[in-house]
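Novice: 3D model of this:
(one chain, ligands or ions: 2)
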Amino acid sequence: MPANSDNGVLLSPSIIASDLSTMGRDVSAFDPAAFDLLHLDVMDGNFVPNLTFGPGYIRALASHTSIPLDIHLMIERPELSLEAYLELVPWCLTIHYESTRFPSRILQTIRKAGVRAGLSVNPATPIEALYDLSGECDLILVMSVDPGFYGQAFMPAALDRIRRLRGHLDSTAGGAGTLIQVDGGISVKNIGEVARAGARVIVAGNAVFGADDPNRAARELKRAAADGMRAV
Ligand code: DX5
Ligand code: ZN
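Specialist: Residues are numbered from 1 along each chain as shown. Ligands and ions are numbered 1, 2, ... in the order given. A predicted model of the protein is given here:
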């Protein structure tokens, strides 16, 4: 379950921006000092228009790596397939606030399984809508694009949402330990600001796998995040 956190920020490269057909071989070359987590975008063609992979693919991939799994479920009614993802014992299992009528029950089930419980929020959902559930979350994922595709442009409004959420968590009993994750349009240009705003788990798809050398790109992102935090 442990993940590296040498500069206080965990980088979670999103593999949908890479070649999924060769990932079983490619994953062994990832630098564990920069690939703190593997971000796995599960899309069902229903909650989001895109379709990716499910627990079978993730299980096969996990047999080739010890990098902890950061599973982001973009599926309708995740309560119906939760067990299959919990069996993979990920570092974190994240559901979407907008995908279910029973977020609280699902978060409790995830925690009971000994897995970090994550709750993700789309850009169009007021961040305050999650406040009453924050005590049930180990991680809150603030989307900085509409979910569904990699390679989209970062929405700057996410910065203020992260700051407000951080303020809320820090003012709540037990909330200081809840991590904020950000996902969508992250690059070396904005990762410092995102870290400074309060995000400590940062997803990057295109910025890592769109580069000629993903390891180098991941190391540069981590460095830029650390620089951004030092600039506080
Ligand atoms: C978007 C996904 C993201 C995406 C990130 O729906 O949840 O994880 O892969 O890719 P970039 O960093 O390219 O926006
Ligand atoms: Zn994601």
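Novice: low pLDDT regions in this structure?
Specialist: For the chain, applying pLDDT under 70 flags the ranges 1-7, 232.
Novice: top helix in it by residue count?
Specialist: helix 214-230 (DSSP state H).
Novice: show me the contacts for the residue of the chain found nearest ligand 2.
Specialist: Closest contact between the chain and ligand 2, by C-beta to the ion, is at His72 (3.8 Å). (Each C-beta comes from the backbone N, C-alpha and C, glycine too.) His72 sits next to 39-42, 94, 118, 120, 141, 183, 203 when contact means C-beta atoms under 8 Å, 6 or more residues apart in numbering.
Novice: hmm, try it at 6 Å
Specialist: 41, 94 (C-beta atoms under 6 Å, 6 or more residues apart in numbering).
Novice: burial measure for the residue lying closest to Pro214 once chain neighbours are set aside, as a count.
Specialist: Counting by C-beta to C-beta, 6 or more residues apart in numbering, Pro214 lies nearest to Val208, which is 5.0 Å off, once chain neighbours are set aside. Using other C-beta atoms under 10 Å, the number of residues around Val208 comes to 28.
Novice: my guess is Val208 meets Ser14, correct?
Specialist: No - using C-beta atoms under 6 Å, Val208 makes no contact with Ser14, being 7.6 Å away.
Novice: where's the residue nearest to Pro214, which helix or strand?
Specialist: Per DSSP states H and E: Val208 is located in helix 206-209.
Novice: how about stretch 121-139: buried residues?
Specialist: In terms of neighbour count (16 or more other C-beta atoms under 10 Å), stretch 121-139 has its buried residues at 121-123, 127, 130-131, 134, 136-139.
Novice: what does it rub up against?
Specialist: 92, 97-98, 103-104, 107, 116-119, 143, 155, 161, 164-165, 168, 175, 178-179, 181.
Novice: kindly report the residues of the protein close to ligand 1.
Specialist: 14, 16-17, 39, 41, 72, 145, 147-152, 183-186, 203-207 (C-beta under 6 Å from any ligand atom).
Novice: narrow those to those in strands?
Specialist: Mapping the residues of the chain next to ligand 1 onto strands (DSSP state E) picks out 39, 41, 72, 183, 203-204.
Novice: now those in TSV, with distance to Gly24?
Specialist: Listed next are those as TSV, based on distance: C-beta to C-beta, whole Å:
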residue	distance to Gly24
His39	17
Asp41	17
His72	20
Asp183	24
Val203	21
Ala204	21
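Novice: can you tell me which of these has the most neighbours?
Specialist: Ala204 (30 neighbours).
Novice: could you pull up the contacting residues of the residue nearest to that one when sequence neighbours are not counted?
Specialist: Taking C-beta to C-beta, 6+ apart, and ignoring the residues beside it in sequence, Ala204 has Ile186 as its nearest neighbour in space, at 4.5 Å. By C-beta under 6 Å, 6+ apart, Ile186 lies in contact with 202, 204, 207.
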